[in-house]
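[1] what's the 3D shape of this:
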Amino acid sequence: MAAPVDRDVVVAGAGPAGIATAVALCAREPALAPRLLVLDKASFPRDKPCGGGLTGHAHAALATLGLAIRVPRVACGQGRIVYGHRSGDVTLGRPVDVVRRREFDADLVEQARVRGVEIATGEGLASFEVDARAGLVRIATSAGRRLTARVLVGADGAGSRVRRALAVDDRPPLRLFQAEVDAPAQLSDLHAGRMIYDFSPMARGLRGYLWLFPVPGGRLNVGAMHTPTRKLSGAAIEALLREGLRPYGVTLPRGARGWPAWRYRATARIAAPHLLCVGDAAGIDALTGEGIAVGLEQGPIAAAAIAAALRSRDFGFAGYGTAVARAVVGRELKLDNRLAALLYAPRGYRLWLSLMLFDRRVQALYAARVSGSEVLADRKRALLGALGRHAFSAPLRIAKLDRPNRGSQATGLA
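    The predicted structure follows:
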């Protein structure tokens with residue numbers, strides 16, 4: 001007979017992935033609510049470095065969960081891709097809503113509480129131990145509380161204790177830097193409702209991009225993502241961010257906030273007996289660095305696995321990693337891993353950047369994916385066709401990258 005436990009499920013982390021898991025569990029098994037506890041070391045609202053973009057997949061996941069976007073946001077119907085003098089706009093079928101994570105995450109916590117989810121803030125996961133013989137997890141919190149549970153969900157971000165216990169990945173992480181600044185007048189006027197993705201710093205060693213996203217109050221969310229296919233220090237990445245923002249008239253009043261992020265890998269171990277990971281703890285999008293939609297989409301998958309385990313009393317979670325990999329979110333992440341390996345390779349990035357900048361059909365496909373109307377992983381034939389076309393067009397497209405674009409400027413403001 002199984003030993004008694006304090007809770008059936010403890011979720012470590014009250015960000016979007018943790019809230020999605022908890023809300024989905026309560027929707028599946030309403031009677032489980034009193035047996036579920038979400039822990040978070042922070043008190044909400046709390047700062048969270050992030051680009052803050054809610055894509056079409058994020059919107060769809062929120063709707064499935066019955067959650068709403070109730071915080072201020074800027075709807076962006078266009079994305080601008082920039083490389084030096086070259087730039088191009090891509091229209092989105094559904095705008096990306098840019099929010100502040102401080103406000104968005106706090107509101108999700110409140111919406112979950114209304115649904116009966118118990119959330120202990122200011123109390124994080126300090127340590128845990130799986131007791132296989134007793135069939136439970138022994139948990140200690142940062143507030144000194146000791147609990148037992150059948151399942152522990154690691155939704156506690158890149159620094160997840162659950163992730164470390166599973167030894168998910170030993171590869172170097174992505175590096176991201178982010179800050180919020182006042183928007184110069186020219187950006188406020190010309191770029192209302194437009195997100196900027198600037199790949200120009202790749203010519204100076206960055207293996208990623210800079211972003212400039214409008215946020216409420218006439219301000220900008222700015223940042224840089226770097227893939228460690230080329231070794232750069234945090235100071236070097238921040239310097240490239242400062243330099244890359246200068247043509248837009250943007251200066252960082254103080255240092256940007258940096259953080260690591262793990263890339264999702266379909267073969268990674270994201271579950272073990274009584275344990276599973278979601279969201280940043282399981283890995284984010286290697287191509288774009290997107291994590292919000294990933295966490296929101298993974299939550300219901302985790303909830304389904306947990307509900308099945310509670311019914312069967314089999315807490316091995318042997319099929320959870322496969323379930324994530326086969327779902328839309330997993331297939332899209334796997335594709336983006338491949339695309340990131342090409343675009344952010346130590347050398348040869350110009351070959352793939354020229355495809356992205358000059359192939360309108362590729363831009364349209366990716367825009368549909370961002371809008372949520374397309375599963376790009378299911379359009380392999382179209383992608384292969386684009387690669388075939390690019391094989392013939394690449395020399396001219398690469399040469400075009402460095403030629404001044406008449407009517408455009410190096411700032412990408414035209």
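[2] so Gly255 belongs to a strand, correct?
    No: judged by DSSP: H, G, I helix; E, B strand; the rest coil, Gly255 forms no part of a strand; its state is coil.
[3] so what's it up against?
    179, 238 (CB atoms under 8 Å, 6 or more residues apart in numbering). C-beta coordinates here come from the backbone N, C-alpha and C atoms, glycine included.
[4] low-scoring pLDDT stretches of the protein, where are they?
    The chain contains residues with pLDDT under 70 at 1-2, 168-170, 188-191, 404-414.
[5] please identify the buried residues of whichever strand or helix holds Leu241?
    Leu241 belongs to helix 234-245 when assigned by DSSP states H and E. Within helix 234-245, the residues that count as buried by 16 or more other CB atoms under 10 Å are 237-238, 240-242, 244-245.
[6] could you dump those residues to JSON lines with distance to Val96?
    Putting the buried residues of helix 234-245 into JSON lines (distance: CB to CB, whole Å) gives the following:
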{"residue": "Ile237", "distance to Val96": "24"}
{"residue": "Glu238", "distance to Val96": "25"}
{"residue": "Leu240", "distance to Val96": "24"}
{"residue": "Leu241", "distance to Val96": "21"}
{"residue": "Arg242", "distance to Val96": "25"}
{"residue": "Gly244", "distance to Val96": "21"}
{"residue": "Leu245", "distance to Val96": "20"}
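[7] I'd like to know how many residues surround Arg347.
    8 (other CB atoms under 10 Å).
[8] leaving out sequence neighbours, find the closest residue to the spatially most central residue of the chain.
    Closest to where the C-alpha atoms of the chain average out (CA atoms, centre = their mean) is Gly291, at 1.1 Å. With CB to CB, 6 or more residues apart in numbering as the criterion, Gly291 has its nearest non-adjacent residue at 4.1 Å, and that residue is Ile284.
[9] quick check: the one you found touching Tyr264?
    Yes: Ile284 is within contact range of Tyr264, at 6.3 Å (criterion: CB atoms under 8 Å).
[10] common neighbours of those two, please.
    In contact with both Ile284 and Tyr264: Val294, using CB under 8 Å, 6+ apart.
[11] one step back: which outside residues touch the helix holding Leu241?
    With CB under 8 Å, 6+ apart as the contact definition, helix 234-245 has outside contacts at 175, 177, 198, 200-201, 204-206, 210, 212, 222-224, 226, 232, 251-252, 255-256, 258.
[12] quick one: strands adjacent to the very next helix or strand once past it?
    Sequence-wise, the next helix or strand downstream of helix 234-245 (DSSP H and E) is strand 257-261. Partners of strand 257-261 in the sheet, by DSSP bridges, are strand 174-182 (antiparallel).
[13] keeping just the C-alphas, turn stretch 252-269 into PDB.
    Extracted in PDB, the C-alpha atoms of stretch 252-269 (Å, rounded to 0.1, in the frame of the first residue of the first chain):
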ATOM      1  CA  LEU A 252      20.900  51.600 -22.400                       C
ATOM      2  CA  PRO A 253      20.800  53.700 -19.300                       C
ATOM      3  CA  ARG A 254      22.300  50.800 -17.300                       C
ATOM      4  CA  GLY A 255      23.400  47.300 -17.900                       C
ATOM      5  CA  ALA A 256      21.000  44.900 -19.500                       C
ATOM      6  CA  ARG A 257      19.800  41.900 -17.500                       C
ATOM      7  CA  GLY A 258      21.300  38.700 -18.700                       C
ATOM      8  CA  TRP A 259      20.200  35.100 -18.200                       C
ATOM      9  CA  PRO A 260      20.900  31.600 -19.600                       C
ATOM     10  CA  ALA A 261      18.300  29.500 -21.400                       C
ATOM     11  CA  TRP A 262      18.400  25.800 -22.400                       C
ATOM     12  CA  ARG A 263      17.500  24.700 -25.800                       C
ATOM     13  CA  TYR A 264      14.800  22.000 -26.200                       C
ATOM     14  CA  ARG A 265      16.100  18.700 -27.400                       C
ATOM     15  CA  ALA A 266      13.700  15.900 -28.400                       C
ATOM     16  CA  THR A 267      16.100  13.200 -27.100                       C
ATOM     17  CA  ALA A 268      16.700  14.900 -23.700                       C
ATOM     18  CA  ARG A 269      15.500  13.300 -20.500                       C
END
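[14] grab the nearest non-local neighbour of Gly321.
    Ile270 (5.2 Å).
[15] quick check: the one you found touching Leu166?
    Yes: between Ile270 and Leu166 there is a contact under CB under 8 Å: 6.8 Å.
[16] now Arg311: phi and psi?
    Torsion angles at Arg311 (phi, psi; degrees, to the nearest 10) stand at phi -70, psi -40.
[17] just the one 4 residues further on next, same as before
    Dihedral pair for Phe315: phi -100, psi 30, per degrees, to the nearest 10.
[18] what domains does the record give for the chain?
    7-52+100-169+263-332, 75-97+172-261, 346-401 (automatic domain parsing).
[19] mind checking which of those domains is nearest Ala61?
    domain 7-52+100-169+263-332 (3.7 Å; CB to CB).
[20] show me where the stretch 51-200 of the chain has its strands.
    53-54, 74-83, 86-98, 118-121, 125-131, 136-141, 146-154, 174-182, 194-198 (DSSP state E, counting those that start in this stretch).
[21] can you tell which of these is closest to Leu37?
    Of the strands of the stretch 51-200 of the chain, nearest to Leu37 by CB to CB is strand 118-121, at 5.3 Å.
[22] list the buried residues of that closest one.
    So for strand 118-121, counting by 16+ other CB under 10 Å, buried means 119-121.
[23] of those residues, closest to Leu136?
    Distances from Leu136 to the buried residues of strand 118-121, taken by CB to CB, are shortest for Ala120, at 19.0 Å.
[24] distance-wise, check that closest one relative to Ala155.
    14 Å (CB to CB, to the nearest Å).
[25] mind jotting down where the helices sit in the stretch 251-400 of the chain?
    With DSSP state H, counting those that start in this stretch, the ranges of helices along the stretch 251-400 of the chain come out as 292-312, 320-326, 328-343, 349-358, 360-371, 380-401.
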